[in-house]
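Return atomic coordinates for the entry below.
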Amino acid sequence: MKKKTLFFFLRLIISVGLVGYFLISLSNQQGGIGEAFKKIYFAFSTASLKWLIAAALLRLVGFSLISLRWKFMLKAQDINTAFSRLFLYYFMAAFFNNLLPSTIGGDAIRVIESRKLTGKATTSLMVVIMERITGFIALMLIALTALIIRIPNGTNENRGIWLLLIVLFSAVVLAIGAAHPKIAPKIFHRVRKIIPKKTQSKLDDAYKILAVYYRRPFELICALLISIVFQFNMVVYYFLIAKALGQVPDFVDFMIKVPIMIVLLMTIPAVNGLGVRTASFRELMKFPSAYAISGEFIDLGMRIGYGILGGLAFLIYRRPGINKEKIPRDNS
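Sure thing, here's the model as predicted:
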């Protein structure tokens, strides 16, 4: 518990530090903290409502897409369940994302709830991990497509991003190759002697679950295609927030920068990504500080709004007497 408390405070310090840094920077530019808050209020209050509504609707579309992706990932494991139930689980996860100090904290809730579908915690965990991996690959493909579109311009501005993508793609290819049914058993055989027995059994179970996707590539390909649509949807979502704030960034540039921001939100230890968005809007998208901070809280506000709906769904779902769909358990 002490480690969790310390880690939470580390996240809190990073979030407060990032927001504080840009707020102080804006304060110095505007000649005082009062003027800085006036500038932020102006950016926030003049945001176009029509673009914000469109962005909010895209988040709802996003919930539908990732629920469908989850359905395909489960189907590969011979687990069939209603789309509506998976959609409900994602809404509940949105609520816990706002409570837990991480933008992926809701995944833990999905693993717990989906265990009712799979019958095994390992299966639930590996399916969620595979979902995340398809999402990560989709982000790289979107950024790579945008970089290829940029090639005729002959600029070296994105050289570092090219290098990062090459390294990440290489890592993904190696991981996919290592998990192949003909290769993974040989790797396990070599490392089995140095792995505790409890860990061995868990790794064996995890491998069996992953191997299913090699035997049933159709579901995995469908999940990847849905991930690409979903992540592109997120690019458009952030683009609409930018338009609402009166910023008119280049869309292709957003296809490069938004995937980076999403990866930063998943990896930097901050409370629900607070501060990371501000830094991304300011340093990656080159928004003025006031608009970067406003963009942060618009995005956070939408997340909280859907999180509240997810919390209500969770309370209703947990009420005694609610008839819950019975799903066959995973016997694999």
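
make it CA atoms for all contacts and neighbour counts henceforth
OK.

so where is the stretch 1-150 of the chain shaky, pLDDT-wise?
1, 4, 99-106 (pLDDT under 70).

any chance you could map the helices in it?
Along the stretch 1-150 of the chain, the segments classed as helices by DSSP state H, counting those that start in this stretch run 2-30, 33-45, 49-75, 83-99, 106-118, 121-150.

ok now the helix or strand where residue 171 lies, how far from the chain's centre?
Assigned by DSSP states H and E, residue 171 belongs to helix 159-178. Here the centre of helix 159-178 is set off from its chain's centre by 19 Å, with Cα atoms, centre = their mean, to the nearest Å.

which residues does the residue lying closest to residue 49 once chain neighbours are set aside contact?
Leaving out its chain neighbours, the residue that sits closest to residue 49 by Cα to Cα, 6 or more residues apart in numbering is residue 244, at 7.0 Å. When contacts are counted by Cα atoms under 8 Å, 6 or more residues apart in numbering, residue 244 touches 47-52.

Single out the most deeply packed of the helices of the stretch 1-150 of the chain.
helix 83-99 (a mean of 22; mean count of other Cα atoms under 10 Å).

Now do the helix or strand that contains residue 209 and helix 159-178, the angle between them.
Counting by DSSP H and E, the element that carries residue 209 is helix 197-215. Angle, helix 197-215 to helix 159-178, by axes from the mean of the first three to the mean of the last three Cα atoms, to 10 degrees: 100 degrees.

what about residue 187, how many residues close to it?
Other residues within reach of residue 187, judged by other Cα atoms under 10 Å, total 12.

Spell out which helix or strand contains it, please.
For residue 187, the enclosing helix or strand under DSSP H and E is helix 184-191.

Quick one: mean pLDDT for that helix?
Across helix 184-191, the average pLDDT comes to 68.

Please shift the residue numbers so they start at 43 in all later answers.
Yes, from this point I'll number from 43; that puts the last item at helix 226-233.

Next, find the distance separating residue 56 from residue 72.
24 Å (Cα to Cα, to the nearest Å).

follow-up on the earlier one: identify the residues contacting the helix holding residue 213?
182, 186, 189, 225-226, 229.

Quick check: the gap between the residue nearest to residue 91 and residue 303.
19 Å.

What of residue 51?
Distance from residue 51 to residue 303, by Cα to Cα: 22 Å.

Check residue 357 too.
Plainly put, residue 357 is 32 Å away from residue 303 if you go by Cα to Cα.

So for those two, which sits in the more crowded spot?
Set residue 357 next to residue 303 and count neighbours by other Cα under 10 Å: residue 303 wins out with 20 against 11.

number of nearby residues for the residue nearest to that one when sequence neighbours are not counted?
Excluding its sequence neighbours, the residue lying closest to residue 303 (Cα to Cα, 6+ apart) is residue 322, at 5.9 Å. Counted by other Cα under 10 Å, the residues lying close to residue 322 total 21.
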